[in-house]
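Engineer: Attaching a predicted model along with its sequence, questions to come.
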Amino acid sequence: MGMKQKPPFILYGGDYNPDQWDEKTIDQDMELFKKAHINLVTLPVFSWAKLEPEEGVYDFDWLDHILEKLWQNRIYVCMATPTTAQPAWMSAQYPEVLPVDIAGRKRTHGMRVFFCVNSTKYRERAAAIAEQMAKRYQNYPGLVAWHVANEYGTYCYCENCQRKFRVWLKERYGTVEELNKRWNTAFWGRIVYDFEEIMLPTELNDDYRFNPAVQLDYMRFVTDSTKECYENEAQVLRKYTPDIPVFSNISGFIKKLDQFRLTENMDCAGWDNYPGPRDEMSLPALKHDIMRALKDGRPYIITEQSPNQQNWQPYNKLKRPGEVRTIAYQGIARGADACLFFQMRQSVGGQEKFHGAVISHAGTENTRIYQEISDLGAELHTLGDACIDGRTNAAVGMLFDWDNWWALELTSGPTQDMDYLDQVHTYYKAFYEKNISLDIVKVSSDFSKYRVLVAPLLYMNKPGVAEKLETFVQNGGTLIATYMTGVADENDRCVFGAYPGKLRDVLGIWVEETDSMYPDESNSMVMRIQDEPFSSSYQCGFLCDLLHTTTAKTLAEYGSDFYKGRACFTVNHYGKGKAYYLASEPEKAFLLDFVEHVCGETGIRPIFKSEGRVEICARENEKGEVIFLMNHWQEPARVHLEKDTYCNLLNGEAVSGTVTLKSREVMVLRRIV
Ligand code: GLA
Ligand code: ZN
């Protein structure tokens, strides 16, 4: 986490809102926290109105008192600036702090994360309270990190945002001529002669969305504005406590802000993990891997997850016995050094009164959830620093990019079902199920440390990326590309001279047309190669590229429709490496076989061979490697440890040979040398 005084154990605890409780309850909480090995709380996330009852008048005494109690009990604090929910007096006195929505409605006070990130008044008051807190608590012994605001993500369309957007565009493009070119405004006669004529992308109608190039820039602008808004507080905090890490927690719904950009100036990444009851476990796994990528593989914080049900899902399922534990280990195994929950004590009223908590309304330790949290606390305590600061070694990288995400989904056609995260997940899942470790990779990263790079739907070709991919393959790497690759530039203008643009040589193909499939339609991939482990044919669908091979070899052809017999899966040998192209979305069975095939060719192996569903990952720190085996499912699974003997750090037992993991069983293994 990049902290100098980082405690040498997994941070365990979560959001605590003691401003809702009386003294007796707080004292009881301290007892219950200690018993459950809670070593950190995050606070006071929502206390701005209580801390600053009128402009410039502060009341910190109650917080001092709670902080004292926490430190007496040796519970650390992730100190939040309370700026996610501005006090009512501020919204009343300075309406400019309230956001305007996409329909032009000025919003009223009462929600949280409900302010205009560009409001001067908001930023002034936010920096002021951050400064008060930094001054007051800079020497607080339990201070572990600064948590700025909470889950940024409000899109505002006020006049101030409009004014700033124009300035942002002027800085980006210099002249209106350049802007007109980039936005291709000749289309539909949208030419502008002055930056002042530029409007925010607020108009929507049923047939067409706004010019995607404008929307794309607005999303970039909102990310930059939010980053500035974060920085406004962070710089104040850093001035007083240069050694304490500063960050903000990211919402589980991560599309609306480019998290790579947003976290650039953060000392660590932190995210709120709320898997839906029916999500496949590969989905939170993918999101964890994205979080690990934000700070180039460094450990991150799970700032929130629910110890039990949520209140905001359509159907709020209870966490099944043992579930909170396996979910927690999944995050730790994938790179988190902190496992925090929302929330420590369940609130009595308000929107979240039915949201799960470590301490429920029953207010006692005799609940299933408290016991599970407490058992997990004891276990993590035993684990100590075994995986702290541990890194993941992966030979496979998967490209992921927010601009690409936005552009793909903003565009009209070729299908209304375009869902980038879902597509990335489809490809990710095949590696996940084979337990092949994978890093999420930024397009700006160094590709050379990977043997295989998967680039699902790399629609937007940012400057220099195609060249880097070419070099990667040239030097012996294996590239896997798909339909919707190399179509547009950074401003969503399509390339001339056939897709995939600059990637045509390395892939050895060019795409002439793309057919869109109805959800109930499919085509097939008839394999021309008979190699193991491939079957003779598979289903495919979603989109079907009609392509021409130039230097690539056809590995499979379409089985039906007017393009029957044309290539749908190709490979191109290029330099010392090779590049595969998937012209259509294959069924899962193909992807599993394909991963096996590619791993066989490149000598990449899972950590252990296994049978049945089990998640296996490893982290390595200066003490060595720790391997996590997790069975999230109903059926038992078998893992072959082969010749070595390991110690299960959770119970100190030696294990070797083939181990069977029952449903919800977890093992954390270290090789005994
Ligand atoms: C978010 C917020 C929390 C809380 C939880 C509830 O992640 O950050 O304050 O509202 O959701 O699930
Ligand atoms: Zn605004």
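Structural biologist: Thanks, I have the structure now. Model, not experiment: these values are computed from the prediction. Ligands and ions are numbered 1, 2, ... in the order given.

Engineer: Now do whichever residue of the stretch 551-673 of the chain sits closest to ligand 1 against residue 281, distance only.
Structural biologist: Closest residue of the stretch 551-673 of the chain to ligand 1, C-beta to the nearest ligand atom: residue 632 (20.6 Å). Any C-beta I mention is one placed from the backbone N, CA and C, and that applies to glycine too. Note on residue 632: its distance to residue 281, by C-beta to C-beta, to the nearest Å, is 5 Å.

Engineer: what residues are shared contacts of the two?
Structural biologist: Listed as contacting both residue 632 and residue 281 by C-beta atoms under 8 Å, 6 or more residues apart in numbering are 330, 615.

Engineer: what about the residue of the stretch 551-673 of the chain closest to ligand 1, how many residues close to it?
Structural biologist: Residue 632 has 23 neighbouring residues, counting by other C-beta atoms under 10 Å.

Engineer: next one: residue 40
Structural biologist: Using other C-beta under 10 Å, residue 40 has 25 neighbouring residues.

Engineer: Is it correct that it is in contact with residue 76?
Structural biologist: Yes - checked against C-beta atoms under 8 Å, the pair residue 40 and residue 76 is within contact range at 4.3 Å.

Engineer: what is in contact with these two at once?
Structural biologist: Common neighbours of residue 40 and residue 76 (C-beta under 8 Å, 6+ apart) are 11, 13, 144.

Engineer: now, which of those lie within strands?
Structural biologist: Of the shared contacts of residue 40 and residue 76, the ones assigned to strands by DSSP state E are 11, 13, 144.

Engineer: Quick one: buried ones out of those residues?
Structural biologist: Among those, those classed as buried by 16 or more other C-beta atoms under 10 Å are 11, 13, 144.

Engineer: Closest one of the residues you listed to residue 568?
Structural biologist: The shortest approach to residue 568 among these belongs to residue 11, at 48.5 Å (C-beta to C-beta).

Engineer: State the distance from the closest one to residue 667.
Structural biologist: Residue 11 sits 22 Å away from residue 667, going by C-beta to C-beta.

Engineer: so what's the residue of the stretch 501-650 of the chain found nearest ligand 2 up against?
Structural biologist: Using C-beta to the ion, residue 501 is the residue of the stretch 501-650 of the chain that sits closest to ligand 2, at 36.3 Å. Counting by C-beta under 8 Å, 6+ apart, residue 501 touches 461, 466, 486, 487, 495.

Engineer: For it, give me phi and psi.
Structural biologist: Main-chain dihedrals, residue 501, degrees, to the nearest 10: phi 50, psi -130.

Engineer: On the pLDDT front, check it for me.
Structural biologist: Per-residue pLDDT puts residue 501 at 97.

Engineer: closest to ligand 2 among the buried ones among the ones in strands among the shared contacts of residue 40 and residue 76?
Structural biologist: residue 144 (33.1 Å).

Engineer: shouldn't the closest one be in contact with residue 78?
Structural biologist: Yes - contact criterion C-beta under 8 Å: residue 144 and residue 78 qualify, at 5.7 Å.

Engineer: which residues do the two both contact?
Structural biologist: Common neighbours of residue 144 and residue 78 are listed as 11, 40 (criterion: C-beta under 8 Å, 6+ apart).

Engineer: hmm, back to that, what about the contacts of residue 501, which are in helices?
Structural biologist: residue 466 (DSSP state H).

Engineer: In CSV: the contacts of residue 501, plus distance to ligand 1 and pLDDT.
Structural biologist: Below are the contacts of residue 501 laid out as CSV (distance: C-beta to the nearest ligand atom, whole Å; pLDDT from 0 to 100):
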residue, distance to ligand 1, pLDDT
461, 35, 96
466, 38, 98
486, 36, 98
487, 35, 98
495, 40, 94
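
Engineer: Helix, strand, or coil at the nearest residue to residue 648 once chain neighbours are set aside?
Structural biologist: Residue nearest to residue 648 in three dimensions, not counting chain neighbours: residue 667, with 5.0 Å by C-beta to C-beta, 6 or more residues apart in numbering. Following DSSP: H, G, I helix; E, B strand; the rest coil, the label given to residue 667 is strand.

Engineer: list the contacts for residue 667?
Structural biologist: Taking C-beta under 8 Å, 6+ apart as the test, what residue 667 contacts is 628, 629, 648, 650, 655, 659, 661.

Engineer: Now the host helix or strand of the first one: buried residues?
Structural biologist: Okay, so that is residue 628. In the assignment (DSSP states H and E), residue 628 maps to strand 624-630. Within strand 624-630, the residues that count as buried by 16+ other C-beta under 10 Å are 626, 627, 628, 629, 630.

Engineer: What backbone torsions are found at residue 98?
Structural biologist: Torsion angles, degrees, to the nearest 10, at residue 98: phi -80, psi 140.

Engineer: ok, now the one 10 residues further on?
Structural biologist: Listed backbone geometry of residue 108 is phi -100, psi 170, with angles given as degrees, to the nearest 10.

Engineer: So for it, what pLDDT did the model give?
Structural biologist: Reported pLDDT for residue 108: 92.

Engineer: wait, doesn't it sit right on residue 98?
Structural biologist: Yes - with contact defined as C-beta under 8 Å, residue 108 reaches residue 98; the gap is 7.0 Å.

Engineer: In the chain, what residue comes closest to ligand 1?
Structural biologist: For the chain, C-beta to the nearest ligand atom, closest residue to ligand 1: residue 272, 3.9 Å.

Engineer: Looks to me like that residue is in a helix.
Structural biologist: No - assessed with three-state DSSP, residue 272 is strand; it does not lie in a helix.

Engineer: where's it relative to residue 310, distance?
Structural biologist: 11 Å.

Engineer: pull the longest helix from the protein.
Structural biologist: Secondary structure of the chain per DSSP H: the longest helix is helix 212-240.

Engineer: Just the buried positions in that helix, please.
Structural biologist: Buried residues in helix 212-240, counted by 16+ other C-beta under 10 Å: 212-227, 229-234, 236-238, 240.

Engineer: Cheers, nothing more for now.
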